[in-house]
Structures are given as structure tokens and as C-alpha cells.
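*Asks:* Just a sequence and a predicted model for now, questions to come.
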Protein chains: 2
Amino acid sequence: MAEQDSDRSVSQTVRAQLRLRDLILSGDLRPGERISELQAVEATGASRTPVRMALVRLEEEGLLEAIPSGGFTVKGFSERDVLDSIELRGALEGLAARFAAERGVSSRDLEPLKGCLDEIDSLVQRDRISIEAFSSYVTLNARFHVLLTELSRSPSLIRQIDRASALPFASPSGFVMTQSELPQAHETLLIAQDQHRVVVDAIENREGARAEAIMREHARLASRNLRLVLKNKTHFDLLPGLALIRTAGD
Amino acid sequence: MAEQDSDRSVSQTVRAQLRLRDLILSGDLRPGERISELQAVEATGASRTPVRMALVRLEEEGLLEAIPSGGFTVKGFSERDVLDSIELRGALEGLAARFAAERGVSSRDLEPLKGCLDEIDSLVQRDRISIEAFSSYVTLNARFHVLLTELSRSPSLIRQIDRASALPFASPSGFVMTQSELPQAHETLLIAQDQHRVVVDAIENREGARAEAIMREHARLASRNLRLVLKNKTHFDLLPGLALIRTAGD
DNA sequence: TCCCGATATTATGTATACAATAATTCCATA
DNA sequence: TATGGAATTATTGTATACATAATATCGGGA
């Protein structure tokens, strides 16, 4: 009762899932903390049934952990977990690139990808990038990765990549940056964009192994970058705020 | 009410999930077929709430597909899907092997793996294998793969491999064989076992790239074998009975 | 003071009633 | 006969009551 705001067209389940995910990612719910249904009901405004569904889905998503005796806790992630997830995504996207190359793609299929890259180019000036442009880059980069994944035309693989990218720090998103980190991001971004071009070229020329290798290297660039960013922080602020520490240059 | 059989210690949700999975994998529910809650309630004996939970979990597992307007259908898989899933698992297990090699494992960690391989060896005679021994092999092989995966000590990766193996045809299980296919299986099995040994050796010597390459090749052996088996069948009996057509030699 | 056990409380698992939406059927009309 | 629409039917989404199991609290005894 008492529907407050939000879109009424989506189900309570989805709304609850979205809201709870926000709560977790924003750090309002801390890792290890038990999340009771009643609490979730109060936070979301939905009743227990949709809340339970949302909790199950969030568990499958990897944000929650089931307690054997019942209920869920918020999952915590170590730096190693984050780095592994990036490497994992690299392996998966590498496979996607190889599939695309081996199975062949028409030049028509490649158009959107190239368009995406051209847009990125137009965003980046030779020696610097504005913070607004950087946020556009994050969007375009995500699109590029999605398009590339779909080129594999392998539903099972696409599905798996989606799931691996569900964890925000594992997704190819770029991080929220402070002004001071911008130069470093600019440099990384140039390398990343170069790799983007090479992958497309490899796929075009049906060089599967090369396409795969580059995508893996691409992920390593991301983890290298994350490590650099982390080194500058006094400590790794694990999960509260982890949503803000995404990986860049990828 | 009216609990008929089964274990009462597990929840209705889990029971329903198990039962429905059986129904799908055995082919009683055909691909594309819509599965209504009421129908599922009748089939499982549980009420709608646990049934709904089970359906959500089966969707996440990849056996069901959500209909936008609500409800679920049984997912169908093409031969390509199956082959891709095997290749995917190969990539994932390859990564696990590399992690294990790079991060180093104590000889104590390797013991159970080696024990597993020794048991397999004792099962296989030089020139043939009995059908009973083959079924033991399937179990031991699955254990080997689980142990290897765990050696990566990477929770995110282990989780992902579990999910990729949830689909029975993608899991390293070995197929139910007819007597006539046994000689071929024997041959494949010898190669597979050799690869098992090589992976362990590579991990022991911290040769990450080699360990990874072998595990990938290992998966290719599986898909090669599946293709061979499929060639002998008049048609690929997609999902009804797919549970029976698992891949061997891996 | 500490530990153990019984009781009370809270949380989750399950069942079911109700509401809203999607699907189907059937009839009327072109 | 085909088609469109309205009414009916079925199915899912949601809320909530009840049962059961886990957890916390409190009191008594060593």
C-alpha cells in the first residue's frame, strides 16, 4: 500500500531488486551485514513476496550470500576478487572476440562498432580529456563491449558475460574520477582505444587468436589501472563505495 | 499438506527445484513449452510460493527462459549452444589452471588431485574398459575437475565455473554410453587422462600458460568427442533426452 | 561470575486469498 | 467465411496470515 514514487509499470519485484541493489552498492548495507526481509520490506515498500524474489535474484547476481539457516548477508569483495573478476571478464570477452573472428562477421555487422569507436575518437583531444567527455566515454565504451560480445553470436557466451559483468566493478565501465586522476585516465584511454581498433581489425581479418589475445590484454590494462588507482588511496574501501571505484581504461 | 515422500529436511523450494529440473532434463517438459505455476504446483506438491522461487532459480540456472509478460518457458539448446558451452568451460577451467600455477600450490594441495588420477588409472585396463568402470570414471573425473577449479583459490572464478557447469551437457561428466561406443570412449579416455597428468605437472612447475593451454585442449577433446557421437545418431535429440547425451573423455 | 537451559521473540518458510493482467473464446457483423 | 471486439477464463503478481525454526534473552544453579 501507499505507492510512493517510481514507475508503476514495472513489477514490485524489479523495483525492490533495483532499490536493494542501490542500497548495497552505495554502501548503506555493509558487507557481512545480514539483510532481513522485514528490513527490506521497509526499505522498498513492497511486501514480502516480491522482496523475497528480489533477494533470490540478487543472490544469483552475486551481491548477496545465502545463509544456510536462512536469509542473506551482503557479500564482501577483496581486492583480489575484483582483480580476478576483471581477468575473468577478459577471458570471456577474448573468447567472444575469437568466436566473432572465426565465424566471420559482415562489414555491416562491424559498422556499429566502428561508429562507436569514431565517436570515442571525437571525444578525446590529443593531450587531454574533459571530465564530461570522460563520462561519455564510459557510456560509449560499455556499448562497444556489448556490441563486441554480441558479435560472437553465442547465446551461452553472451549470457555468461552478462552475468560476469553484473558485478559493477567487473563491468567495463570506467570509474568516477577526481580531477587529479584525469591525466592518467587520458593516457590509459588512448591505449585502450588503440586496442579497440586492433580487435576490430583482427575480427575483420578473421584472426581469431589475435582477437582473443588483444581482449585479454585489454582486461589486463584495466586491472593495471585499478591497481594504480588503489595505490593512491590510503585504503581500499571495500564495498561501501566500491561502486564508485570502478576500473578505467577498458 | 499431504507430504508424500522425499526428504523432509530440505525445503519445499529445493525439492521443487530438483523435481522440476528432473522434469526438464528428462524431457517430460519440452523446449519452448510454457510451464505454468499451477502445473508446477501439481507436479511438485509444493504450493505456489516455493514453486515460484524454484522457477526463478531455474531461470538463473539457464534451464528456463522468462516470458516478458510473465511466466517461463523451457529453454531449448542447439548443437552449437552445447559446443559453445563446452568451449566456454574450457576457457574458464583454463583460467583456473593458470591461476593455480601462477599462485603456486603446495604438494599437499595436489595430493587429492593425484589420488584422483591414480584411481582413474586403476580403473582403466590397457586395452579396454568395462561399462561399470566407465561410470566410476565419470564420477572421478568430475571430482578431478572440481578439485582443479578449487586450486585457483578464486571465489569469483569458482562461482562462474559452477554456473557454467550447471547445464548438464556443459559439465565434465561423460555420457551414458551404449556398449558399442565403449571402445571409442576408451581411446578418448586415455588421451584425457594424459592431459590430466600434464595439467597437474604444469601447475606443479608453475607453468601457467601451459596449464591453461592444456585445459583448453582438454575441452576441445570433449567437443570433438561429442561431435563424433552426434554423427552416429540419426538426429540430435534436442533437449528431451539431452541429459543423456553428455560429453565424454573430458 | 560464568555457564547452561528454558522461554520468549523474531525471522524465515509455506500456504492461500485477492487483484490485475494477459490470453482465449465466442458471438456479432461485414 | 473472415474479422473484430467484448466477455470470460486462466495465469501471474502481490499481500498477508500462519507455522516452524532460529536466535536472543533471562533466570537459575554451580
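*Replies:* Okay, I see it.
*Asks:* going forward, measure contacts and count neighbours with C-alpha atoms only.
*Replies:* Fine.
*Asks:* closest point of chain A to DNA strand C, which residue?
*Replies:* A:Ser36 (3.3 Å; CA to the nearest atom of the strand).
*Asks:* my guess is that residue meets A:Val74, correct?
*Replies:* No: in this structure A:Ser36 lies outside contact range of A:Val74 using CA atoms under 8 Å: 10.7 Å.
*Asks:* Show me whatever sits in contact with both of the two.
*Replies:* Taking CA atoms under 8 Å, 6 or more residues apart in numbering or on different chains as the contact rule, A:Ser36 and A:Val74 have no neighbour in common.
*Asks:* Tell me which of these two has more neighbours.
*Replies:* Neighbours were counted for A:Ser36 and for A:Val74 using other CA atoms under 10 Å in any protein chain shown; A:Val74 has more, 23 against 14.
*Asks:* so where do the helices sit in chain A?
*Replies:* A:12-25, A:37-44, A:48-61, A:79-103, A:107-123, A:131-151, A:155-164, A:182-204, A:208-232 (DSSP state H).
*Asks:* Run the contact check for the fourth one versus chain B.
*Replies:* Yes: contact between helix A:79-103 and chain B is present through A:81, A:84-85, A:88, A:91-92, A:95 (criterion: CA under 8 Å from any CA of the partner chain).
*Asks:* try the last one
*Replies:* No: using CA under 8 Å from any CA, helix A:208-232 stays clear of chain B, coming no nearer than 11.2 Å.
*Asks:* what's the angle between that helix and helix A:182-204?
*Replies:* 170 degrees (axes from the mean of the first three to the mean of the last three CA atoms, to 10 degrees).
*Asks:* Figure out how far helix A:208-232 is from the centre of its chain.
*Replies:* 14 Å (CA atoms, centre = their mean, to the nearest Å).
*Asks:* Quick check: which helices or strands does it pack against?
*Replies:* helix A:79-103, helix A:182-204 (3 or more CA pairs under 8 Å, 6 or more residues apart in numbering or on different chains; DSSP states H and E).
*Asks:* so what pLDDT did the residue nearest in space to the middle of chain A get?
*Replies:* Chain A has A:Ser171 as the residue nearest its centroid, 1.6 Å off, counting by CA atoms, centre = their mean. Per-residue confidence (pLDDT) for A:Ser171: 73.
*Asks:* Check which residues of stretch A:42-51 are buried.
*Replies:* Neighbour-count burial for stretch A:42-51, counted by 16 or more other CA atoms under 10 Å in any protein chain shown, picks out A:44-51.
*Asks:* Make CSV from the residues you listed and add pLDDT and distance to DNA strand D to it.
*Replies:* Formatted as CSV, the buried residues of stretch A:42-51 follow (pLDDT from 0 to 100; distance: CA to the nearest atom of the strand, whole Å):
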residue, pLDDT, distance to DNA strand D
A:Thr44, 94, 9
A:Gly45, 92, 7
A:Ala46, 93, 4
A:Ser47, 95, 4
A:Arg48, 95, 4
A:Thr49, 95, 5
A:Pro50, 96, 5
A:Val51, 96, 8
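*Asks:* Make JSON lines from the helices and strands packed on helix A:208-232 and add mean neighbour count and mean pLDDT to it.
*Replies:* Formatted as JSON lines, those follow (neighbours: other CA atoms under 10 Å in any protein chain shown; pLDDT from 0 to 100):
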{"stretch": "helix A:79-103", "mean neighbour count": "23", "mean pLDDT": "95"}
{"stretch": "helix A:182-204", "mean neighbour count": "19", "mean pLDDT": "89"}
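*Asks:* Export the residues of helix A:79-103 next to chain B as JSON lines, with columns for distance to A:Pro155.
*Replies:* JSON lines is the format used below for the residues of helix A:79-103 next to chain B (distance: CA to CA, whole Å):
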{"residue": "A:Asp81", "distance to A:Pro155": "26"}
{"residue": "A:Asp84", "distance to A:Pro155": "23"}
{"residue": "A:Ser85", "distance to A:Pro155": "21"}
{"residue": "A:Leu88", "distance to A:Pro155": "18"}
{"residue": "A:Ala91", "distance to A:Pro155": "16"}
{"residue": "A:Leu92", "distance to A:Pro155": "13"}
{"residue": "A:Leu95", "distance to A:Pro155": "13"}
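*Asks:* Nearest to DNA strand D among these?
*Replies:* Using CA to the nearest atom of the strand, these come closest to DNA strand D at A:Asp81, 26.4 Å.
*Asks:* you'd agree that closest one is up against B:Ser156?
*Replies:* Yes: judged on CA under 8 Å, A:Asp81 makes contact with B:Ser156 at a distance of 6.4 Å.
*Asks:* Using CSV, write down the CA coordinates of stretch A:15-25.
*Replies:* C-alpha atoms of stretch A:15-25 as CSV (Å, rounded to 0.1, in the frame of the first residue of the first chain):
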residue,chain,number,x,y,z
ARG,A,15,11.6,-2.2,-8.1
ALA,A,16,12.7,-4.0,-5.0
GLN,A,17,15.6,-5.5,-6.7
LEU,A,18,16.7,-2.2,-8.1
ARG,A,19,16.3,-0.4,-4.8
LEU,A,20,18.1,-3.1,-2.8
ARG,A,21,21.0,-3.2,-5.3
ASP,A,22,21.3,0.6,-4.9
LEU,A,23,21.4,0.2,-1.1
ILE,A,24,24.1,-2.4,-1.3
LEU,A,25,26.2,-0.7,-3.9
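*Asks:* Report the separation between A:Lys25 and B:Gln17.
*Replies:* One thing to correct before we go on: residue A:25 is Leu, not Lys. Counting by CA to CA, to the nearest Å, the gap between A:Leu25 and B:Gln17 amounts to 30 Å.
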